[in-house]
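1. With the input below, show me the fold.
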Amino acid sequence: MSFTISVPKGVRYSDLSATFGFNEQELRELNPGASELTEGQTIVLPISDDYEKALGYVRPDPAVHAEVSKQRTKAPDIFDDIDARDKQMRDRELDATPKPSENWYRHLHSREGYRDKVYLDSLGKPTVGMGIYVPDMQEGDEVDPAWLEQETKKRTMGAWQAAVAQGNDLGVKDQDFLEGLASVNYQLGNDWNKIHKKTWALMQQGKWNEAADEAANSKWNEQTPVRVRDFQQVLRSRG
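-> Numbers count the residues shown, from 1 in each chain. Alright, predicted model coming up:
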């Protein structure tokens, strides 16, 4: 696999070799008509494991990053091409990643509720926003709106990303199922399956109805039965 670049002023084969870990002889063989490089010349670069490291797909150690950073002043045009390609790769990966729907956000908001002042939840813990635990605050305290917005986004995305990972473990990519998992993550924490071990084990075995029954056999069901019923509905939809 290879791609082409326009040679910046003053760049030699040895610069490319030192920067990206290319074999200089290989570079020359790929460009037989360019015994020496000149500004504006179009040449072919190979893609190697070391090149992938230079791009950051496999994160190199800090020393490699430092060396690559120094080379930016030598060959900025090369790095412009690489940065553009790297961004395209990341964008494709993001496009392929499941994303939560607006309906999920609305459903989560309706289940969690939202308060901009600290309140005590069903366990008597100081809480704010959509169920965000704030141990250092007291009931009635006000919070910074910007912080609350940022914290809410962080928690919702953390719950969603954990749901995608859990879905991969279970071999399930269904949107409704992932959103059901994300809701549980948001309420109970992303490691809930390490506490509700029987429910999770049944899910891993594909015994969805049994897992739904087991979910009800918990303190979780005693405290928030509506949330458990939501999850049961998601589980039974797989059965």
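2. Residue 127 in helix, strand or coil?
-> Using DSSP: H, G, I helix; E, B strand; the rest coil, the structure places residue 127 in strand.
3. Now do the contacts for it.
-> For residue 127, the contact set (C-beta atoms under 8 Å, 6 or more residues apart in numbering) comprises 115, 118, 119, 120, 121, 133, 134. Backbone N, C-alpha and C define where each C-beta goes, glycine included.
4. Beyond whichever strand or helix holds residue 159, next helix or strand please.
-> For residue 159, the element it lies in under DSSP states H and E is helix 145-170. Reading on from helix 145-170 to the C-terminus, the next helix or strand found by DSSP H and E is helix 175-188.
5. Check which helices and strands that following helix is in contact with.
-> Judged by 3 or more C-beta pairs under 8 Å, 6 or more residues apart in numbering; DSSP states H and E, the packing partners of helix 175-188 are helix 102-112, helix 145-170, helix 225-236.
6. and for the shortest one, what are the contacting residues?
-> Read it as helix 102-112. 130, 131, 156, 179, 182, 183, 186, 187, 226, 227, 230.
7. how about a markdown table for the residues you listed, with pLDDT, distance to residue 166 and neighbour count added?
-> Formatted as a markdown table, those follow (pLDDT from 0 to 100; distance: C-beta to C-beta, whole Å; neighbours: other C-beta atoms under 10 Å):
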| residue | pLDDT | distance to residue 166 | neighbour count |
| --- | --- | --- | --- |
| 130 | 89 | 21 | 20 |
| 131 | 87 | 20 | 18 |
| 156 | 91 | 16 | 20 |
| 179 | 95 | 12 | 22 |
| 182 | 96 | 9 | 25 |
| 183 | 96 | 12 | 23 |
| 186 | 92 | 13 | 26 |
| 187 | 92 | 14 | 21 |
| 226 | 95 | 22 | 8 |
| 227 | 95 | 17 | 19 |
| 230 | 96 | 16 | 18 |
